[in-house]
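>>> after the sequence you'll find the predicted model.
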Amino acid sequence: MNRPLKRSGAVKVLKALYLALGVGLLFVVVRETDLAEVAQHVTEIGVVGLIVVIALYFAAFLVDSITWTMALVPVPLNGRWLWRTWAVRMVGEAYNNTIPAAGMGGEPVKAVLLKRHYGVGYRAGTASLVLAKTINLVSLNLFLIGGFVLMLYSPKLSFGAKEVAAFGLAAILVATGLFFAVQRYRWTSLTGTFLSRFPWAERLESVLHHVRDFDERLVEFYTRYRGRFWLAVLLALVNWLLGVAEVYYAMWFLGHPITWAEAYMIEAVTQMVRAGTFFIPLSLGAQEGAFVIVVQTITGSSTLGLALGVVRRLREIIWIAVGFVIGGWYTTRFGGIEPREIGEDGSR
């Protein structure tokens, strides 16, 4: 009886440590910069600049919602379902960005909203969430490869920085490959079947049929809907490229225009750092540090880098607030969100 409580307590401690790590990194970054100069840069972006940044992120978020809708095989690809997935993603991502759960705290919320309000079974909904994550990861790899090529030919980056980028890219490529292989080749169900042969693991047999069903949904998408998968990957790549546009125009409004290639490198490095520090809520501190280092390397100004980081945080805060407003709308119109319902058999 005490084991689950101890485990829960350990998880809470770990989450608190991750958050503390992020706060510590942010403190180090802020301590090394002139905050008055950073504030001056941020005010220069103005209302119009902030609107442009938010509009670009809205477009990127909309593209992300389209790719998720494409992964939801049981539902039609139309405007009505695009609105639904967009609204559900807004709520889920608000939780993802505020709960210290390695960016996964909002995924159960998405699955529950799909089931309770739109009739999508938990198995289909959860499978679509895994597929959407995979699609984003594959497109992120393509995006980072492009960024790495630009880094190789950039005279502003040192050889050591290029080595670090190469190591980070290799790690992400390997992790993505393993994540995809687990799904495509049914490694989870195959491992469970193998272990169930042993007397001490006989209980696994009672849950294996759920695992096999989940694996079959993933494999079916990768084999039967290959065209849809690769189209979704290309659309997700557009999402990352819109991030480049966000950096480009943010720097322009901050009063220090840069080239598109430089904006691409800044965004690529930042996304690489975010991928490597996924366990820190919002990659707090790590994202700001990435902006400071790469922007300083390109422009010679560390305060511009932190100012760019502040602009992106402002955009995130606004987006999170809108997400919770939509969550409140779901609660008042349809009833509360109860993530504890996850795990019930809601498949059609």
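Good, I have the coordinates. Numbering: from 1, shown residues only.
>>> contacts and neighbour counts: CA atoms only from here.
Will do.
>>> what about the longest helix in the protein?
helix 35-71 (DSSP state H).
>>> need the next SSE after the helix or strand hosting F143, C-terminal direction.
Applying DSSP states H and E as the criterion places F143 in helix 122-152. Once helix 122-152 ends, the next helix or strand along the chain (criterion: DSSP H and E) is helix 159-184.
>>> packing partners of that following helix?
helix 122-152, helix 205-224, helix 260-276 (3 or more C-alpha pairs under 8 Å, 6 or more residues apart in numbering; DSSP states H and E).
>>> turn those into a markdown table, columns for mean pLDDT and distance to A307.
Output for these, formatted as a markdown table (pLDDT from 0 to 100; distance: least, C-alpha to C-alpha, whole Å):
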| stretch | mean pLDDT | distance to A307 |
| --- | --- | --- |
| helix 122-152 | 93 | 22 |
| helix 205-224 | 73 | 42 |
| helix 260-276 | 93 | 13 |
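>>> for the chain, what helix or strand is lowest in average pLDDT?
None of the helices or strands of the chain scores lower by mean pLDDT, DSSP states H and E than helix 187-195, at a mean of 57.
>>> of all the residues in the helix holding F143, which ones are buried?
The neighbour-count check on helix 122-152 (16 or more other C-alpha atoms under 10 Å) flags 122-145, 147-148, 150-152 as buried.
>>> turn the helices and strands packed on helix 159-184 into a markdown table, including distance to Y330.
What follows is these, written out as a markdown table (distance: least, C-alpha to C-alpha, whole Å):
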| stretch | distance to Y330 |
| --- | --- |
| helix 122-152 | 18 |
| helix 205-224 | 28 |
| helix 260-276 | 30 |
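>>> A321 touches E93, doesn't it?
No. In this structure, A321 is not within contact of E93 by C-alpha atoms under 8 Å, at 10.6 Å.
>>> neighbour count: the two, which is higher?
A count of neighbours by other C-alpha atoms under 10 Å puts E93 above the other of A321 and E93, at 22 against 14.
>>> circling back to that earlier point, counting by contacts, list what the helix holding F143 packs against.
helix 35-71, helix 107-118, helix 159-184, helix 205-224, helix 226-253, helix 260-276.
>>> for I99, which of the ones you listed is the nearest?
helix 107-118 (11.0 Å; C-alpha to C-alpha).
>>> how far off centre is that closest one?
On the basis of C-alpha atoms, centre = their mean, to the nearest Å, helix 107-118 sits 18 Å off its chain's mean C-alpha point.
>>> buried stuff in that helix?
Buried, per 16+ other C-alpha under 10 Å, within helix 107-118: 107-116.
>>> which one among those gets closest to G309?
Nearest to G309, judged by C-alpha to C-alpha, of the buried residues of helix 107-118 is E107 at 25.7 Å.
>>> verify the stated contact: that closest one with V130.
No. Taking C-alpha under 8 Å as the definition, E107 is not a contact partner of V130, at 9.5 Å.
>>> now the longest helix of the chain: how far from the chain's centre is it?
Its chain's C-alpha centre and that of helix 35-71 lie 15 Å apart, by C-alpha atoms, centre = their mean.
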